[in-house]
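Trainee: got a structure for you, letters missing:
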């Protein structure tokens, strides 16, 4: 099972939006609506911010949104804030009961 | 209080095995699948496998088949991950994570256990 492909980095100024892509195959991202996104600050455990492609857990700001088209899922962070600077990982259920993470994207708030 | 508390850091020599524990509290241990995820220094997240604490059934990532074993002790609400044939590239933080019931995402993470493999 190959890792899902994410851009290594993304950046934006405070208040702007940034979108991160997560590309897989029809055996993972494209085949199931079970994509979740995790935010990880340095030295901390990841935290879920989106699940089931576009749902937000309680307590996660609505600045975070998710979507999917074909084999690519996307995470958009609107109204960037300093505390959004972190690493972001997508994660998907995959065929044959596998699971796979994305390669990760470092978001920098300029 | 919901908690997943893992055992402390380990230093192992190449070829050895390591067993990391994951003690849960604040919820019914039998009810939620537990997964193991690792992160090498400066690298991304990697899925190792999962265990059903109720039945003991487990699934493993293909890359780790035959090297990782997941077990549990229901009497003390604790899961274990044992990795054998350690290599230097197994140096990583290993996380025990709970899956939200009925879903496919992780809702509760352990603090992580650093395993260092060095001669």
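Mentor: In hand now; what should we look at? If you're wondering where the values come from, they're calculated on a predicted model, not measured in any experiment. Residues are numbered from 1 along each chain as shown, chains lettered A, B, ... in the order given.
Trainee: Could you use CA atoms for every contact and neighbour count after this?
Mentor: OK.
Trainee: ok, which stretches of chain B are helices?
Mentor: For chain B, applying DSSP state H gives no helices.
Trainee: can you list the weak-confidence ranges in it?
Mentor: Counting by pLDDT under 70, chain B shows no low-confidence range.
Trainee: Return the residues of it in contact with chain A.
Mentor: B:44-47, B:59-62, B:104-107, B:109-112 (Cα under 8 Å from any Cα of the partner chain).
Trainee: Dead centre of chain B: give me the residue that sits there.
Mentor: Residue closest to the average C-alpha location in chain B (Cα atoms, centre = their mean): residue B:36, at 3.5 Å.
Trainee: Give the burial count for residue 21, as a bare number.
Mentor: If you meant another chain, say so; for now it's chain A. Neighbour count of residue A:21, defined by other Cα atoms under 10 Å in any protein chain shown: 22.
Trainee: Please refer instead to chain B.
Mentor: The tally of other residues near residue B:21 (other Cα under 10 Å) stands at 19.
Trainee: Equivalent analysis for the one 3 residues further on, please.
Mentor: Counted with other Cα under 10 Å, the burial measure for residue B:24 works out to 21 neighbours.
Trainee: try the one 3 residues further on
Mentor: The local packing count at residue B:27 equals 12, with neighbours defined by other Cα under 10 Å.
Trainee: Look up how far residue A:94 lies from the closest residue to it other than its chain neighbours.
Mentor: The shortest distance from residue B:27 to any non-neighbouring residue, by Cα to Cα, 6 or more residues apart in numbering or on different chains, is to residue B:2 (6.4 Å). From residue B:2 across to residue A:94, the span is 28 Å (Cα to Cα, to the nearest Å).
Trainee: Between these two, which is the more surrounded one?
Mentor: residue A:94 (21 against 9).
Trainee: Check which helix or strand the nearest residue to residue A:2 once chain neighbours are set aside maps to.
Mentor: Counting by Cα to Cα, 6+ apart, residue A:2 lies nearest to residue A:100, which is 7.4 Å off, once chain neighbours are set aside. Applying DSSP states H and E as the criterion places residue A:100 in strand A:98-101.
Trainee: And for that strand, what's in contact with it?
Mentor: By Cα atoms under 8 Å, 6 or more residues apart in numbering or on different chains, the surrounding residues in contact with strand A:98-101 are A:1-4, A:28, A:89-94, B:45-47, B:60-61.
Trainee: Mind doing that once more with 7 Å?
Mentor: Residues from elsewhere that reach strand A:98-101 (Cα atoms under 7 Å, 6 or more residues apart in numbering or on different chains): A:1, A:3-4, A:89-94, B:45-47, B:61.
Trainee: what do you get for stretch B:57-65?
Mentor: In this structure, residues lying in contact with stretch B:57-65 by Cα under 7 Å, 6+ apart are A:98, B:47-52, B:70.
Trainee: quick one on the thing from earlier: what subset of the residues of chain B next to chain A is buried?
Mentor: B:44-47, B:59-61, B:104-107, B:109-112 (16 or more other Cα atoms under 10 Å in any protein chain shown).
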